[in-house]
Each structure stands twice: as structure tokens, then as C-alpha cells.
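A.B. asks: sequence and predicted structure are below.
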Amino acid sequence: MLTRHTGFTLIQMMVVMVIMAILALMAAPSFQDQIIREQINKALPLADLAKTPNAVAWATLQIFPPDNAAAGLPAADKIVSDAVSAVTVQDGAIHLTFGNRANGVINGKMLTLRAAVVEDTPVVPVTWVCGYAEAPDKMTLHGANQTNIPASFLPFACRSRAKK
């Protein structure tokens with residue numbers, strides 16, 4: 001009498017393991033990119049500390065503070081978070097320097113938020129433009145863009161629109 005053994009052979013199991021390893025290796029870079037984007041998105045609210053004093057200075061004096069002290073903020077290296085090692089105010093720009101536990105790809109890199117205003121109408125609120133994005137129509141950007149993070153890692157709002 002013949003007995004049949006059901007199940008998988010060692011060769012079949014190895015083929016399945018190789019296929020799973022290949023799929024995992026293909027997916028790993030997209031997971032790292034997602035982690036970097038999440039760190040950048042989590043860091044953006046830290047800039048809110050500097051937005052208010054900048055907006056108040058523009059509304060009252062039509063100038064932006066030249067540095068953290070003039071904005072009434074602590075020193076740049078005292079405004080930190082899990083992924084940010086410094087927040088610097090400079091003439092209408094807020095620079096977030098990534099560090100601490102930031103991913104190695106963005107560690108030491110900077111993301112800039114620049115103030116966009118309507119020059120002759122200070123009652124219009126300040127709009128903040130992130131990274132490589134352009135100013136809204138009829139608004140002028142203030143401060144230098146020191147963003148040096150590759151655009152592929154930035155939130156969509158921080159990327160430059162392709163010209164038509």
C-alpha cells in the first residue's frame with residue numbers, strides 16, 4: 001500500500017522565501033522615505049513658536065525680526081524636538097535644522113519657512129511658504145531659503161510647482 005505525504009518540499013519553501021526577500025528589499029526604500037517624511041511633518045509645528053512673533057512684528061512695524069532675540073525667542077539651540085536640533089529666526093525666515101534623532105539622510109539639513117506678505121497692505125496676514133514652494137500671487141517672500149533637503153522627502157506643500 002502506498003502512502004502519500006502531503007506538504008511542501010524544502011525546495012518549494014526556499015523558492016517562496018527568496019520571493020518574499022526580493023519583495024521586502026523592493027519595499028524597504030519606500031518605507032525609509034515615509035519615515036523621513038513623517039519626521040519632517042512632525043517637525044513643522046515647532047516652527048509655530050516663531051511664526052507669531054514674526055507676524056506681530058510685520059503687522060505693527062512692517063519689518064521682520066533679524067534673529068531669535070529680537071523676536072523674543074530663546075537661542076536657536078534651545079528650541080528643539082525629537083528630530084530638530086535648532087530653530088532660527090532670520091529676517092522673515094524660520095530655519096529648522098534637523099538633528100537629535102532625525103534620520104541620517106536629513107540629519108544636519110535645513111528646512112526654511114519664509115514669510116509671504118502683501119507689501120503695501122500690512123493688515124493682510126502673513127502666509128508661510130515652506131521649502132522650495134513659490135509665493136502666492138501678489139505676495140512677496142521675505143528671508144533667504146536655506147532648504148537643502150531633497151524635494152522628494154518634503155511634503156507636497158513644500159515642493160516647487162512645475163512651470164507650465
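C.D. replies: Right, received. Where do you want to start? Numbers count the residues shown, from 1 in each chain.

A.B. asks: make it CA atoms for all contacts and neighbour counts henceforth
C.D. replies: OK.

A.B. asks: pretty sure residue 32 belongs to a helix, no?
C.D. replies: Yes: according to DSSP: H, G, I helix; E, B strand; the rest coil, residue 32 belongs to a helix.

A.B. asks: gap between it and residue 120?
C.D. replies: Per CA to CA, to the nearest Å, residue 32 is found 45 Å from residue 120.

A.B. asks: repeat for residue 112
C.D. replies: 24 Å.

A.B. asks: more crowded one of these two?
C.D. replies: residue 112 (28 against 9; other CA atoms under 10 Å).

A.B. asks: secondary structure element holding the residue nearest to that one when sequence neighbours are not counted?
C.D. replies: Of all residues not flanking residue 112 in the chain, residue 95 sits nearest, at 4.5 Å (CA to CA, 6 or more residues apart in numbering). Take DSSP states H and E as the rule and residue 95 turns out to sit in strand 93-98.

A.B. asks: what's the burial count for the closest residue to residue 78 other than its chain neighbours?
C.D. replies: The shortest distance from residue 78 to any non-neighbouring residue, by CA to CA, 6+ apart, is to residue 86 (6.8 Å). When neighbours are counted by other CA under 10 Å, residue 86 registers 21.

A.B. asks: buried stuff in stretch 54-69?
C.D. replies: Buried residues in stretch 54-69, counted by 16 or more other CA atoms under 10 Å: 54, 55, 56, 57, 58, 59, 64, 65, 66, 67, 68.

A.B. asks: touching, the last one and residue 78? I think so.
C.D. replies: Pointing back at residue 68 there. No: with contact defined as CA atoms under 8 Å, residue 68 and residue 78 do not form a contacting pair (10.6 Å).

A.B. asks: tell me which stretches of the chain form strands.
C.D. replies: In the chain, the strands defined using DSSP state E lie at 84-90, 93-98, 110-117, 127-130, 140-142.

A.B. asks: so which of those strands is nearest residue 11?
C.D. replies: strand 93-98 (47.5 Å; CA to CA).

A.B. asks: and stretch 66-86, end to end?
C.D. replies: 16 Å.

A.B. asks: ok, and the closest non-adjacent residue to the residue most central in space within the chain?
C.D. replies: The residue lying closest to the centre of the chain (CA atoms, centre = their mean) is residue 40, at 3.3 Å. Nearest non-adjacent residue to residue 40, counting by CA to CA, 6+ apart: residue 154, 7.1 Å away.
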